[in-house]
Every structure is written in C-alpha cells, then in structure tokens.
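> What follows is a predicted structure for the sequence shown.
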Amino acid sequence: MTNSKALRLALSLRRQSFALEVDLELPARGVTVLFGPSGSGKTTILRCVAGLERAQGLVTIGDTVWQDDAHAKWAPTWQRDLGYVFQEASLFEHLSVQANLVYGIKRTNKPGGEAALKAATTLLGIEHLADRDTTSLSGGERQRVAIARALATQPKILLLDEPLASLDSARRQEILPWLERLHNELSIPVLYVTHAMEELTRLADHVVLLDNGRVKVEGSVSQTLSDSVFASHAGSEAGAVLAGSVAEHDNTYHLTCIDVSGARLWVRQKELAVGTAVRVHIHASDVSLALIEPRDSSIQNKICGVIESINDDAHPASCLVGIRYQDQRLLARVTRKALVTLGLNVGTVVWAQIKSVALA
Ligand SMILES: Nc1ncnc2c1ncn2[C@@H]1O[C@H](COP(=O)(O)OP(=O)(O)OP(=O)(O)O)[C@@H](O)[C@H]1O
C-alpha cells in the first residue's frame, strides 16, 4: 500500500432494506468528505470504522489493522485509536473546558499528551475558553472544544459526523474557518460527513459521493465536483472548485485578484497576503458561454477553454457543459437552445464568463 492511500475501507453490510458495499482507498491525510442523500450510508461507514457496527471486510490505516475478516482480525472500539465527534458535542457538563480537554489525554495516557493538547487548543482557537463552564459555550464553541478534545488524544483518524448540522448559519460561518485549518495542518486522515455543499467546497480535499450504500463518484474535490454524476446529484448547487493563489489587490476598487492557472479572477477584497493559496468555488449557473471574447460586458471574469463534456441536467431545457483550461475544469449550465444556436460541441473553444466567484 502506498503512503498516499493509507486508509483502506472494504465494507459489506446488509440490513433489512439497506446494503452497504464499498471498497475505498483514501488519502493518508487531509479531509475526505462523505457526501450523499439521507440514508445513503455515510454514518454507517463512520460507525464501521469506529467498530461500533460490524460489516464484513477490511479497515486499515497505514500499517494498523482494525478489521480484516480474511484473517479473523477484529479490534473492539476501545482498541481503535480514533477521535469521533458527533452532531451534538458530547462534553461533560459538570467539568470546565480545560477539565474536558485534560480528561481526553488522561484516558489515552500517551507520551506527548500536554504538547498535543496545546497544539489542538491552538489549532481550534479555544485557549481563551479554558476556564469556562461547558454549559456557557455557544454551539460552535462546543464543537471546537469537542474536536480539540478528540485531537488531543493523538488519534490515528478523526471522524466528524455532521459536526455543524445543529448550528445556525451564523454559528456555522464562525466555525468554518477553524475547520479549514484541519485540512492543511493535520497529519492524520479526517472522515467528514455532511449534506452541506458549502462545507464540502470549503473543507474537502477528497470526496466520496454515496448513494444507497454504494460509491457513485470518488476523487479529489476538483475532479469530483466537475464530474457529471456528481453535478446531477448536486442539482442547483452544481459547480466547480478551482485551485489558485492571491495575485494582487486593487485598493481603489476593493478587489482581490486570484490567479487560477494563468486566468485572473477578481473577487471582493480579502485580507490575504499575495501568494496565499486559495480555492474558488464557481456555480455552474453563474457561468455563461460565448464563441468570441466578450469585451463590452459588465462581467469581468472570463476564461478561455475547450469544451470537454456535455451532459444532461436535471431539467431537459438545460445541460451541463464541462470546460477545460490548463489543468482546471469549469462547469457551465446553459440552455439546450443556446447549445444548438451557438453550435457548441465537445472540442469547441469557448469563452466562459463568470458572473460570481466565491473564495471557497
Ligand atoms: N441501527 C439501525 N438498524 C437498522 N437500520 C439502520 C440502522 N441505522 C441506520 N439504518 C438504516 O441504514 C441506512 C443507512 O443509514 P445511515 O445512517 O448510514 O445513512 P446516512 O447517509 O448517514 O443518512 P443521514 O444523512 O440521514 O444521516 C438507512 O436506510 C437507515 O435507515
């Protein structure tokens, strides 16, 4: 097994009206988002990894084997070195934040506990909450404490099951920047279950789309989002995630320029240093296509590329057009009528005009 594919999950499980059948090799680090409709098996996968549920198959992280039915190997949950955070943070209400955090490291009794605790509290930005009573925390703060407590135990994997689902939109916005740090700064894999596209575009390095217990699409976030099967699942939220870096700021117009493989996209000004790596999220519905470079348009962001795919959309009036330029891929939702009128086909060179670009 290569180091970049260190998490192996081959799981087969039958319930009365549900069957899970997955065989995945996932990256050794970074955030893998398990995405898919309700009942598709996301939580079941986490529970199988944690040993809370018994599927048939294999669960290994690097050289550590937690389950291998071919060799009659099964580690119970308490022997699995993992952090698990649920939708509702389960903190000890009678203990302070600090006591909750210390409880986690005492239980594992590993060397380096103090340093791991410090690193986890810094990563989640909760140093100032140490003396607080857990009952006085906001929902977002509780989740940050719960994640820090899990990380302080130095687990081999972090499992997050819809950690933001019980928070309102304002609290979600507050916690997302902290979670974004997980994908750069952790050296362990994170399995993250969510229904929310915003969490996927901001947090995922890798994506697994599940449907009815099976893997429909799997790959890096940019590959997955521009995949036609994923796009049809995402419906009105279909779009693409592109990797770029901050190129310059325009202080006169309060804009920031992002270089995306040579294309320059302007977004509302952000306080980010030139050179910072960022990702941009572009909804397919915000992209229109033209055969020649649009010059007299209020839409400033444009990219020239080649049509790589044309797929059906949920409604027969429109279709999803995949456009490749350099190593990046964009998705445009255009009407069938426009497709025919402009004579667009796979291989046609087009200008994509982008109405709105969001830093993901
Ligand atoms: N303890 C259980 N006993 C029987 N069936 C179960 C049990 N837990 C889950 N299921 C069923 O297994 C299937 C997969 O459930 P699971 O919770 O893994 O889905 P999910 O993708 O996480 O859904 P959601 O997004 O709604 O949380 C569903 O059909 C669910 O009803």
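Received it, and whenever you're ready, just let me know what you need.
> Dig out what the closest residue to Pro27 other than its chain neighbours forms beta bridges with.
Nearest residue to Pro27 in three dimensions, chain neighbours excluded: His206, at 5.5 Å (CB to CB, 6 or more residues apart in numbering). Where you see a C-beta, it was placed from the backbone N, CA and C, and this is true even at glycine. For His206, the beta-bridge partners are Thr32, Ser220 (DSSP bridges).
> Can you tell me the number of residues neighbouring Asp313?
A count of nearby residues for Asp313, using other CB atoms under 10 Å, gives 21.
> the helices in the stretch 1-150 of the chain, which residues?
42-50, 97-108, 113-123, 139-152 (DSSP state H, counting those that start in this stretch).
> Surely Asp161 and Phe86 touch.
Yes. Counting by CB atoms under 8 Å, Asp161 does reach Phe86; the two are 5.3 Å apart.
> Please identify the buried residues of the helix or strand hosting Gly322?
Per DSSP states H and E: Gly322 is located in strand 318-325. Buried residues in strand 318-325, counted by 16 or more other CB atoms under 10 Å: 318-323, 325.
> hmm, which two among these are most spread apart?
Farthest apart among the buried residues of strand 318-325 by CB to CB are Ser318 and Tyr325. That separation is 21.9 Å.
> Report the separation between Thr108 and the ligand.
27 Å (CB to the nearest ligand atom, to the nearest Å).
> go on, Gln56?
Going from Gln56 to the ligand by CB to the nearest ligand atom gives 16 Å.
> What residues does the nearest residue to that residue once chain neighbours are set aside make contact with?
Excluding its sequence neighbours, the residue lying closest to Gln56 (CB to CB, 6+ apart) is Ser12, at 4.6 Å. Contacts for Ser12 were tallied using CB atoms under 8 Å, 6 or more residues apart in numbering; they are 19-21, 55-57.
> Got a quick PyMOL command for the buried subset of those?
A single PyMOL command selects the buried members of the contacts of Ser12 (16+ other CB under 10 Å):
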select buried, resi 20+21+55+57
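> want to throw the contacts of Ser12 into CSV with pLDDT and distance to Ala352?
Shown next, in CSV, are the contacts of Ser12 (pLDDT from 0 to 100; distance: CB to CB, whole Å):
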residue, pLDDT, distance to Ala352
Ala19, 96, 41
Leu20, 97, 39
Glu21, 97, 38
Ala55, 96, 43
Gln56, 96, 46
Gly57, 97, 43
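> Any idea which helix or strand in this structure has the lowest mean pLDDT?
strand 358-359 (a mean of 78; mean pLDDT, DSSP states H and E).
> Pretty sure Ala240 sits against Arg329.
Yes. With contact defined as CB under 8 Å, Ala240 and Arg329 form a contacting pair (6.0 Å).
> joint contacts of the two?
With CB under 8 Å, 6+ apart as the test, Ala240 and Arg329 both reach 222, 226.
> which of these two has more neighbours?
Comparing Ala240 with Arg329 by other CB under 10 Å, the one with more neighbours is Ala240, at 23 against 20.
> give me phi/psi at the more buried one?
Backbone torsions of Ala240, given as degrees, to the nearest 10, read phi -140, psi 150.
> give me every residue that touches it.
Contact analysis of Ala240 by CB under 8 Å, 6+ apart lists 222, 225-226, 281-282, 284, 328-331.
> Can you name the residues of the protein sitting close to the ligand?
Proximity of the chain to the ligand (CB under 6 Å from any ligand atom) is limited to residues 15, 18, 36, 38-44, 195.
> picking up where we left off before, counting neighbours, what do you get for the residue nearest to Pro27?
Using other CB under 10 Å, the number of residues around His206 comes to 23.
> again with Val229
Val229 has 13 nearby residues by other CB under 10 Å.
> contacts for stretch 251-270?
Here stretch 251-270 makes contact (CB under 8 Å, 6+ apart) with 242-250, 272, 278, 280, 300-301, 303, 325-328, 354, 357-359.
> for the record, mean pLDDT for that stretch?
Mean per-residue pLDDT for stretch 251-270: 92.
> Could you number the chain from 685 rather than 1 from now on?
Got it, the first residue is 685 from now on, which makes the last one we talked about stretch 935-954.
> Between the two ends of it, what distance do you get?
Stretch 935-954 has an end-to-end distance of 11 Å (criterion: CA to CA, to the nearest Å).
> Can you redo the contacts of Ala924 as JSON lines, where the extra columns are secondary structure and pLDDT?
Putting the contacts of Ala924 into JSON lines (DSSP: H, G, I helix; E, B strand; the rest coil; pLDDT from 0 to 100) gives the following:
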{"residue": "Ser906", "secondary structure": "helix", "pLDDT": "89"}
{"residue": "Leu909", "secondary structure": "helix", "pLDDT": "91"}
{"residue": "Ser910", "secondary structure": "coil", "pLDDT": "85"}
{"residue": "His965", "secondary structure": "strand", "pLDDT": "91"}
{"residue": "Ile966", "secondary structure": "strand", "pLDDT": "93"}
{"residue": "Ala968", "secondary structure": "helix", "pLDDT": "94"}
{"residue": "Gln1012", "secondary structure": "strand", "pLDDT": "91"}
{"residue": "Arg1013", "secondary structure": "strand", "pLDDT": "91"}
{"residue": "Leu1014", "secondary structure": "strand", "pLDDT": "93"}
{"residue": "Leu1015", "secondary structure": "strand", "pLDDT": "94"}
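> out of these, who has the most neighbours?
Taking other CB under 10 Å as the neighbour criterion, Leu909 ranks highest of the contacts of Ala924 with 29 neighbours.
> who's in contact with that one?
Neighbour list for Leu909: 885, 891, 915, 918, 922-925, 1015 [criterion: CB under 8 Å, 6+ apart].
> Distance of the residue nearest the centre of the chain relative to Ala915?
By CA atoms, centre = their mean, the chain has its centre lying nearest to Ala888, at 2.0 Å. Distance of Ala888 to Ala915, given as CB to CB, to the nearest Å: 15 Å.
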